[in-house]
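Novice: when you get a sec, could you give me coordinates for this:
(one chain, ligands or ions: 1)
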Amino acid sequence: MKGILVYGINQIHFRELDLDKIEPYCEFLLNNDIKAIYVNGGTGEGPSLTLKERKDIVEKWIEVSKGRLKIVVHIGGTTPKESKELTIQAAKAGADAIATLPTLFFKPQNIVNMEDFMKEAKKEIPNLVGIKFSSKDLIDMIGVRYAGKFNILYGYDQQLMGGLIMGAHGSIGTLHNFMPGVYHRLIGHFEKGDNESARNEQIKGQQLCRLVEKYGKILGGNLAAFKIFMPLVGLDLGPCREPMRTLTESESKEFVKDINNLCFLEWKPAKF
Ligand SMILES: CC(=O)N[C@@H]([C@@H](O)[C@H](O)[C@H](O)CO)[C@@H](O)CC(=O)C(=O)O
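Specialist: The predicted structure follows:
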């Protein structure tokens, strides 16, 4: 898979699950040239949802995307039995792929790096096709690239350029939800060998992340901060799931100032 895959940020932010928000979200991604979505992702979405919510979300995405977006379903969690159930459901519902975090509590002690892991895992899982690589350790990542024919989606938006140079095929990230244009252009420039222009896009991701961290601290987590950018690009995905919260009126004013200082609204156009 090449290009951009969006880390779905809607679910955790529904105070109560609102499946009706998924259709406009899907159309929004398609309008912004996004080709795939990671549903119920690892760092917050999946683990915060009930089993039934996760299943309902998957079904809804498959129904509304009508084959126009690739759907990758995260099935990891704390209970292997539930992961199995989610895998079967994803397959039956027509998902394109599944992905999983390793077990969260009983961590394997003998895994040194992802290169070794992928080689070993491939022996056990013949249809293992790739990895979402969200570490800064690009030395390990290039090892994965040359360990086999694995598809690598790089998951550290702030240094996607580094990821691409070291062998990632595409990108998975949260920022792609509200600055797809920046990342489309970054990849486009990179593919043409124009590193200077690619860097000029990359710095925007880095600057944006500094704001995410600022508001993440205030709102109870980066996932809550990601949410507040969506109305700025024309898609309001509703209030956050507790204990995270959304902006107060005075915080909103400060946020608007920060956004204007960053020229975020000028970064919006999607097409390269
Ligand atoms: C740790 C984390 O949340 N990483 C994000 C990034 O997109 C991240 O939000 C971004 O680099 C800003 O820090 C994605 O890689 C998440 C993701 O795909 C996942 O956890 O499944």
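Novice: give me the mean pLDDT for the helix or strand hosting residue 23.
Specialist: With elements taken from DSSP states H and E, the one containing residue 23 is helix 22-31. Confidence for helix 22-31, expressed as mean pLDDT, is 93.
Novice: tell me the helix or strand right after it.
Specialist: Once helix 22-31 ends, the next helix or strand along the chain (criterion: DSSP H and E) is strand 36-39.
Novice: just how off-centre is that following strand within its chain?
Specialist: Between the mean C-alpha location of strand 36-39 and the chain-wide mean there is a distance of 7 Å, by Cα atoms, centre = their mean, to the nearest Å.
Novice: would you map the strands across the stretch 101-250 of the chain?
Specialist: Under the criterion DSSP state E, counting those that start in this stretch, strands of the stretch 101-250 of the chain are mapped to 130-133, 151-154, 170-173.
Novice: rebuild those as CSV, extending it with mean pLDDT, distance to the ligand and mean neighbour count.
Specialist: From N, CA and C alone the C-beta is placed, and that goes for glycine too. Compiled in CSV, those are given as follows (pLDDT from 0 to 100; distance: least, Cβ to the nearest ligand atom, whole Å; neighbours: other Cβ atoms under 10 Å):
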stretch, mean pLDDT, distance to the ligand, mean neighbour count
strand 130-133, 95, 6, 22
strand 151-154, 94, 8, 23
strand 170-173, 92, 4, 25
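Novice: can you list those in a markdown table and add distance to residue 34?
Specialist: Putting the strands of the stretch 101-250 of the chain into a markdown table (distance: least, Cβ to Cβ, whole Å) gives the following:
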| stretch | distance to residue 34 |
| --- | --- |
| strand 130-133 | 16 |
| strand 151-154 | 13 |
| strand 170-173 | 11 |
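Novice: residue 97 pairs with what?
Specialist: residue 72 (DSSP bridges).
Novice: thinking it is in contact with residue 70, fair?
Specialist: Yes: using Cβ atoms under 8 Å as the test, residue 97 is close enough to residue 70 to be in contact (7.4 Å).
Novice: ok, which residues in the protein are in contact with the ligand?
Specialist: Proximity of the chain to the ligand is assessed by Cβ under 6 Å from any ligand atom, with 7, 38, 41-43, 132, 134, 155-158, 172-175, 209 identified as the residues in range.
Novice: the residue lying closest to residue 73 once chain neighbours are set aside and residue 166, how far apart?
Specialist: Here the nearest residue to residue 73 in space, its sequence neighbours aside, is residue 90; by Cβ to Cβ, 6 or more residues apart in numbering that works out to 4.2 Å. Per Cβ to Cβ, to the nearest Å, residue 90 is found 30 Å from residue 166.
Novice: residue 57 now?
Specialist: 33 Å.
Novice: and residue 117, by the same measure?
Specialist: If you measure residue 117 against residue 166 using Cβ to Cβ, the figure is 17 Å.
Novice: ok, residue 119 next?
Specialist: When Cβ to Cβ is the yardstick, residue 119 and residue 166 sit 18 Å from each other.
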